[in-house]
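In: Here's my sequence, what's the structure:
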Amino acid sequence: MSSKSQRQRLIADWLREFRVGSQEEVVARLSLAGIAATQATVSRDLLELGAVKLKRDGSIRYVMPDQVEPGHAAAKLDRLLAEWVDAIIPAGNLLVLKTPPGSANLVANALDAAGLEEVAGTLAGDDTIFVALADGANPNMVAAMLQRRRSGA
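Out: Residues are numbered from 1 along each chain as shown. Below is the predicted model of the structure:
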């Protein structure tokens, strides 16, 4: 087993078994297990594992995707659309979402995690998100759907 797969297996096991609240905590646990890893490596591992940060029992912690309640990603997307998206603009087979500076990545990650069948993927800058639509998706209809979600309708 490669060191990467071993490291990721350990991380996944820890997230399922313990309350792990930070990447630094994962680095420390790995160190105690005799595995050297940087915070950047752990960050990539968590992303590849699909780990998400949730608030549970009054504390923030990482959990594995199979530990996330159904509907969590959709509720998070609705909240982020309402709080951080200033405009949703159809542009050919894309949507352009405008956000305040520094928040585009947060919204793009939520769009990707929500698994909307109309969304093929996202590309985020600082304050702009390009949303690539799946084949056959109508940009105006997808924009209207996101607007409804944004307004809580």
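
In: Now do the helices in this protein.
Out: 3-17, 23-32, 39-49, 72-84, 104-114, 139-151 (DSSP state H).

In: tilt between the lowest-mean-pLDDT helix or strand in the chain and helix 39-49?
Out: When each helix and strand of the chain is scored by mean pLDDT, DSSP states H and E, strand 52-56 comes last, with a mean of 77. Put simply, strand 52-56 runs at 90 degrees to helix 39-49, going by axes from the mean of the first three to the mean of the last three Cα atoms, to 10 degrees.

In: thinking again about what came up before, so which of the helices of the chain is nearest Lys55?
Out: helix 72-84 (10.8 Å; Cβ to Cβ). Where you see a C-beta, it was placed from the backbone N, CA and C, and this is true even at glycine.

In: And the residue nearest the centre of the protein?
Out: Asn109 (3.8 Å; Cα atoms, centre = their mean).

In: Now do the same contact list for that one.
Out: With contacts defined as Cβ atoms under 8 Å, 6 or more residues apart in numbering, Asn109 is in contact with Ala124.
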